[in-house]
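In: Need a 3D model of the sequence below.
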Amino acid sequence: MDREARKFRHDAAQHIGDRTGTAIRYTPALRRRAVGIARRRRRAGDAVAAIARDLGLRPEALRLWLQEPGSRPRLRRVAVTAAPAITAPVGGLSVQVTPQGVRVEGLDLDTLVRLLRGLR
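Out: Presented below is the predicted three-dimensional model:
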């Protein structure tokens, strides 16, 4: 591990403190430093996983940071419309299929609600 990687690892450890897992958020400055180090070492032929290990980062995070900004998937706008109003079936009887796949037919709405609440 080179001096630059050790310095980054030290600075990142100070920033992180005792946080682990997904609670870690690196500052933009630390990300830029990691990307600079990684790009120099990639040109020298080092693997991303080895670089990430030396920097004390997860390889997936470093790979994401190395992507060009335009190559990342972007969110797109979608039209949101109001859901159609739910109407009671003719005759007051309903058909209900639960997310677990239970199908209930032929009960009036009040009885159906009581049954489903009782199944919880």
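In: Can you give me the domain boundaries for the protein?
Out: 3-67, 92-119 (automatic domain parsing).
In: Let's have those in TSV, adding mean pLDDT.
Out: As requested, these are exported to TSV (pLDDT from 0 to 100):
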stretch	mean pLDDT
domain 3-67	89
domain 92-119	78
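In: Now mean neighbour count and distance to Ala82 too, for these, in JSON lines please.
Out: Heads up, the C-betas are built off the backbone N, CA and C, glycines and all. Formatted as JSON lines, the entries for those read as follows, by neighbours: other CB atoms under 10 Å; distance: least, CB to CB, whole Å:
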{"stretch": "domain 3-67", "mean neighbour count": "14", "distance to Ala82": "35"}
{"stretch": "domain 92-119", "mean neighbour count": "11", "distance to Ala82": "22"}
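In: nearest to Arg77, of those?
Out: Across the domains of the chain, Arg77 has its closest neighbour in domain 3-67 (22.5 Å, CB to CB).
In: follow-up on the earlier one: including distance to Arg76, could the domains of the chain go into JSON lines?
Out: Conversion of the domains of the chain to JSON lines gives the following (distance: least, CB to CB, whole Å):
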{"stretch": "domain 3-67", "distance to Arg76": "18"}
{"stretch": "domain 92-119", "distance to Arg76": "28"}
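In: right, and these - which one's nearest Ala79?
Out: The closest approach between Ala79 and any of the domains of the chain, judged by CB to CB, belongs to domain 92-119 at 25.9 Å.
In: gap between the closest one and the chain center?
Out: Averaging C-alpha positions (CA atoms, centre = their mean, to the nearest Å) puts domain 92-119 35 Å from its chain's average.
In: Then stretch 55-71?
Out: Worked out by CA atoms, centre = their mean, stretch 55-71 lies 15 Å from the chain centre.
In: So what touches that stretch?
Out: 5, 8-9, 12-13, 31, 34-35, 37-39, 42, 48-49, 51-53, 72 (CB atoms under 8 Å, 6 or more residues apart in numbering).
In: Can you tell me which of those end up in helices?
Out: The helices in this structure, assigned by DSSP state H, contain 5, 8-9, 12-13, 31, 34-35, 37-39, 42, 48-49, 51-53 from these.
In: gap between Val113 and Pro99?
Out: When distance is defined by CB to CB, to the nearest Å, Val113 is 16 Å away from Pro99.
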